[in-house]
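In: Here is the input, now give the coordinates:
(chains A, B, C and D)
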Number of protein chains: 2
Amino acid sequence: MTRRTRGTSAGLDRARIAAAAVALVDRDGLDRFGVRRLADDLGVDPMSIYHHIKGKAALLDAISEAVIAEMEAGGRGASDGWEEVARRTAHDYRRMAYRHPRVFPLLATRPQKSPVALAALERLVAAMRDGGLPDRVVADAPGVLFGFLNGHLLAVLGGGPDEAPAIDPADYPAMAALTPLQADFGSVAEFDRLLDSVLGGIRDQAARHGRAHAAD
Amino acid sequence: MTRRTRGTSAGLDRARIAAAAVALVDRDGLDRFGVRRLADDLGVDPMSIYHHIKGKAALLDAISEAVIAEMEAGGRGASDGWEEVARRTAHDYRRMAYRHPRVFPLLATRPQKSPVALAALERLVAAMRDGGLPDRVVADAPGVLFGFLNGHLLAVLGGGPDEAPAIDPADYPAMAALTPLQADFGSVAEFDRLLDSVLGGIRDQAARHGRAHAAD
DNA sequence: GGATTGAAATCTACGCTGTAGGTTTCCCTG
DNA sequence: CAGGGAAACCTACAGCGTAGATTTCAATCC
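Out: Residues are numbered from 1 along each chain as shown, chains lettered A, B, ... in the order given. A predicted model of the protein is given here:
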């Protein structure tokens, strides 16, 4: 029974297709992803998929949407400081990326406009405004934070087993001297250090800009 | 004369192929890039390319290599402060990205191990160590800086004409209040602000880590 | 100088892809 | 029970990456 009879329902819908697509990319990678393989996994004719999702590009959109939707909806709000909120958001995002390392390039490349993503951003921005940070700084903060998150996670998840290009101390003495300190590449500890740096930068900008209308 | 006769040289070599490939991606985008189209541009049989570059993946490597090599080799050294070096490197990188927006995703996705890239990194790291920054901070700095650069440039270059997803003030009040401040999305001014934030964060980390063995 | 060799280029062919268009079957409503 | 729409399948096509065999040229060696 590898193929169904013609008119019978296969129970396909956007959600089921998206879930199978995510699983397929997780398993085989983006290069090997295709409509036909996905149809095989679903036990369905390739063309059936097109009745629910109108092309490969739309399929990729569905994949990133499904993966983003996995992020926990973000607990609490009110009394948390903006740094707390930022840190939690960043870690949520990181966990999601590590759950689907082969999907992540899709997210980092495409602009995110899904409600889940926007809601997370809104929470972050609101917390920063509540914390009294100047609007100029708050407006720039998401660009800094998610710029860093996307770039860093891409770098950490991207490389296969050949992540370290084996730098020659003769050619690059300064970098070679630091390699022992980069042993925890990809770890949470490293992530936390880099995140500290980024958040410190935002804090610094806030101080420099005079902390504006809300310090009282 | 769309096709050459069989044994005659077409003057192909890795550099010429890479240049044509970059031009093709610049013109038609990554999706439309392919061996056959590239061969057409070169006035050559598709298979001829394989005598110089051994597959499509290697072709993509050649493309990113060629584009990275365009970066100016970085002027001066010695007396410049690390912030100056970092800022210049960042702007060089940004200019390159804007010259080849459709190639850039290739760079951000793949780990860079070309000599030009490593040399730029070495200059930056050396400048920071000369400036007395603690090794721990210096070791993390490239991850922060290039993480941000890759992520930010990907976001800025990625979106087509629909960059702003038109946020509804009812759903996302805080973000809506900030949209006027994000009008210069993609500009050098915005880039400089975000870069300030990132570099400020590194400066901050240095201060926090006690500035270590080199302040005396 | 004629034969030999190796590199560069082309030709052919195969399996795979995305998807347009047409066909079949089922279920729901009248 | 007739009709219509939706869901699924089948066929077909143009294009892709590339393995393998073939042709041609230019330089080398006896």
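
In: shaky segments in chain A?
Out: A:1-10, A:73-78, A:160-164, A:211-216 (pLDDT under 70).

In: Could you count how many residues lie near the closest residue to chain B within it?
Out: Evaluated by Cβ to the nearest Cβ, chain A has residue A:201 as its residue closest to chain B, separated by 2.7 Å. In short, each C-beta sits where N, CA and C put it, glycine included. Residue A:201 has 28 neighbouring residues, counting by other Cβ atoms under 10 Å in any protein chain shown.

In: dump the residue contacts of it.
Out: By Cβ atoms under 8 Å, 6 or more residues apart in numbering or on different chains, residue A:201 lies in contact with A:144, B:196-202, B:204.

In: and it, what element?
Out: For residue A:201, the element it lies in under DSSP states H and E is helix A:188-208.

In: can you pull the buried residues of that helix?
Out: Buried residues in helix A:188-208, counted by 16 or more other Cβ atoms under 10 Å in any protein chain shown: A:190-191, A:193-206.

In: chain center to that helix: distance?
Out: Distance of helix A:188-208 from the chain centroid (Cα atoms, centre = their mean, to the nearest Å) equals 19 Å.

In: quick one on the thing from earlier: state the distance from the nearest residue to the residue of chain A closest to chain B once chain neighbours are set aside to residue A:135.
Out: Leaving aside its sequence neighbours, residue A:201 sits nearest to residue B:201 (Cβ to Cβ, 6 or more residues apart in numbering or on different chains; 2.7 Å). Note on residue B:201: its distance to residue A:135, by Cβ to Cβ, to the nearest Å, is 20 Å.

In: Now look at whichever strand or helix holds residue A:91 and say if it contacts chain B.
Out: Using DSSP H and E, residue A:91 sits within helix A:82-99. No: residues of helix A:82-99 are not located near chain B by Cβ under 8 Å from any Cβ of the partner chain, the shortest gap being 11.4 Å.

In: For that helix, which helices and strands make contact with it?
Out: Counting contacts by 3 or more Cβ pairs under 8 Å, 6 or more residues apart in numbering or on different chains; DSSP states H and E, helix A:82-99 is packed against helix A:115-130, helix A:135-158, helix A:188-208.

In: Now the element after it, going C-ward?
Out: helix A:104-109.

In: wait, does that next one make contact with chain B?
Out: Yes: under the criterion of Cβ under 8 Å from any Cβ, helix A:104-109 makes contact with chain B via A:105, A:108-109.

In: Compare these and tell me which has the most neighbours.
Out: residue A:108 (27 neighbours).

In: Dump the contacts of residue A:201 to TSV, plus distance to DNA strand C.
Out: Shown next, in TSV, are the contacts of residue A:201 (distance: Cβ to the nearest atom of the strand, whole Å):
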residue	distance to DNA strand C
A:144	36
B:196	43
B:197	40
B:198	38
B:199	42
B:200	45
B:201	41
B:202	43
B:204	47
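
In: In JSON lines: those residues, plus distance to residue A:169.
Out: Putting the contacts of residue A:201 into JSON lines (distance: Cβ to Cβ, whole Å) gives the following:
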{"residue": "A:144", "distance to residue A:169": "34"}
{"residue": "B:196", "distance to residue A:169": "33"}
{"residue": "B:197", "distance to residue A:169": "33"}
{"residue": "B:198", "distance to residue A:169": "28"}
{"residue": "B:199", "distance to residue A:169": "27"}
{"residue": "B:200", "distance to residue A:169": "31"}
{"residue": "B:201", "distance to residue A:169": "29"}
{"residue": "B:202", "distance to residue A:169": "24"}
{"residue": "B:204", "distance to residue A:169": "30"}
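
In: Relative to residue B:44, which of these is nearest.
Out: Ranked by distance to residue B:44 (Cβ to Cβ), the contacts of residue A:201 are led by residue B:198 at 44.5 Å.

In: Quick check: chain neighbours aside, which residue is closest to the closest one?
Out: Nearest residue to residue B:198 in three dimensions, chain neighbours excluded: residue B:148, at 5.0 Å (Cβ to Cβ, 6+ apart).

In: check contacts around that neighbour.
Out: A:144, A:147-148, A:151, A:198, B:194-195, B:198.

In: and with 7 Å instead?
Out: A:144, A:147-148, A:151, B:198 (Cβ atoms under 7 Å, 6 or more residues apart in numbering or on different chains).

In: what does residue A:29 give?
Out: Going by Cβ under 7 Å, 6+ apart, the list of residues near residue A:29 reads residue A:102.

In: likewise residue A:18?
Out: With contacts defined as Cβ under 7 Å, 6+ apart, the neighbours of residue A:18 are A:62-63, A:66.

In: still on that earlier bit, can I get the contacts of residue B:148 in a markdown table with distance to residue A:47?
Out: As requested, the contacts of residue B:148 are exported to a markdown table (distance: Cβ to Cβ, whole Å):
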| residue | distance to residue A:47 |
| --- | --- |
| A:144 | 45 |
| A:147 | 40 |
| A:148 | 42 |
| A:151 | 38 |
| B:198 | 48 |
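
In: Pick the one among the residues you listed closest to residue B:31.
Out: residue A:151 (22.4 Å).

In: Surely that closest one touches residue B:151?
Out: Yes: counting by Cβ atoms under 7 Å, residue A:151 touches residue B:151, with 3.2 Å between them.

In: Could you pull out the buried residues of stretch A:119-127?
Out: A:120-127.

In: how much distance is there from it to the middle of the chain?
Out: Worked out by Cα atoms, centre = their mean, stretch A:119-127 lies 16 Å from the chain centre.

In: close to chain B, is it?
Out: Yes: using Cβ under 7 Å from any Cβ of the partner chain, stretch A:119-127 reaches chain B at A:121-122, A:125-126.

In: do the same with stretch A:62-71
Out: No: Stretch A:62-71 does not reach chain B (Cβ under 7 Å from any Cβ); its nearest approach is 12.6 Å.

In: Give me the residues contacting that stretch.
Out: For stretch A:62-71, using Cβ under 7 Å, 6+ apart, the contacting residues are A:14, A:17-19, A:21-22, A:25, A:53, A:92-93, A:96, A:100, A:103, A:106-107, A:110, A:112, A:114, A:116-117, A:120.
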